[in-house]
Each structure stands twice: as structure tokens, then as C-alpha cells.
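**Q** using only what follows, build the 3D model:
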Amino acid sequence: MATRDKKKLGLLLSTPPQHPNLETVTCLAETALASGCQVYLYLIDEGTRAMADPRLNALSDRGLKLFVCAYGAERHHVPLSGKATPCGLVVLSDLIKGCDQFVSFN
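**A** Below you'll find the predicted structure:
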């Protein structure tokens, strides 16, 4: 399947890493990637602290496109890594518009 023909799944995570939402997001992303979908994950607010989770690094290696709110990362003292693209709400808006499905975990 060509990249432009792949379904696009967008995910947003705003809860801290201790919250069960992180497990749900990682399972959804893993399943979607395995089925050939393009998966985009935007970390915002306390969700930016999930950047250190090794599951996200592994998913990134498998094709997950990871974005982190630059303001949220700064606010929660999260160091930025090369695995995630720091950005703002304009990118989030573009992801919402550009994905076939978008699911928010708040």
C-alpha cells in the first residue's frame, strides 16, 4: 500500500505517564502500525512526561510519528529528544484535520 493510501490515526495524550491512558495509547498505536496505518501521537500537558517511556521509543522506531508540545515540555521540565518533533497547536490542528480518525486521551 502506498504511503498516501494508508489510513492515518491521530492520537493525543494529555495525562501523566502513571495514568492508564498511556497503556491504551501504546496498545492502539502498536495495533494500528501492525495493520499498516500511519500513526501520529501528540503529547501535550502532562502527557509530555511520557517522552521517557521506552514503549514510545520502540514505537517510534517502528514508524510512529511522535510530536510533543514544546510549551508543555518546557513547563513540565521534559528534555526534548530526537525521537519527537517539538511543535505547537498549529501542528495539532493539522493532525486533527489530516487524520482519518483522531482519538484524544485526557
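**Q** center of this structure, which residue is that?
**A** Centroid-nearest residue in the chain, with C-alpha atoms, centre = their mean: residue 41, separated by 1.5 Å.
**Q** which SSE is that residue in?
**A** strand 38-43 (DSSP states H and E).
**Q** mind exporting that strand as PDB, just the C-alpha atoms?
**A** Taking C-alpha atoms only, strand 38-43 is exported to PDB below (Å, rounded to 0.1, in the frame of the first residue of the first chain):
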ATOM      1  CA  GLN A  38       0.300   5.700   9.700                       C
ATOM      2  CA  VAL A  39       0.100   6.700  13.400                       C
ATOM      3  CA  TYR A  40       0.700  10.200  14.800                       C
ATOM      4  CA  LEU A  41       0.900  10.800  18.500                       C
ATOM      5  CA  TYR A  42       0.800  14.300  20.000                       C
ATOM      6  CA  LEU A  43       1.900  14.600  23.600                       C
END
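**Q** need the contact partners of that strand.
**A** Defining contact as C-beta atoms under 8 Å, 6 or more residues apart in numbering, one finds that strand 38-43 is touched by 3, 6-14, 25, 29, 32-33, 50-51, 56, 59, 63-69, 72-73, 84, 91-92, 95, 99. Every C-beta, even on glycine, is put in place using the N, C-alpha and C of the backbone.
**Q** which of these fall in strands?
**A** 8-13, 65-69, 84 (DSSP state E).
**Q** could you pull out the buried residues of the helix or strand harbouring residue 22?
**A** If you go by DSSP H and E, residue 22 is part of helix 21-34. Of all the residues in helix 21-34, those buried under the rule 16 or more other C-beta atoms under 10 Å are 21-22, 25-26, 28-30, 32-33.
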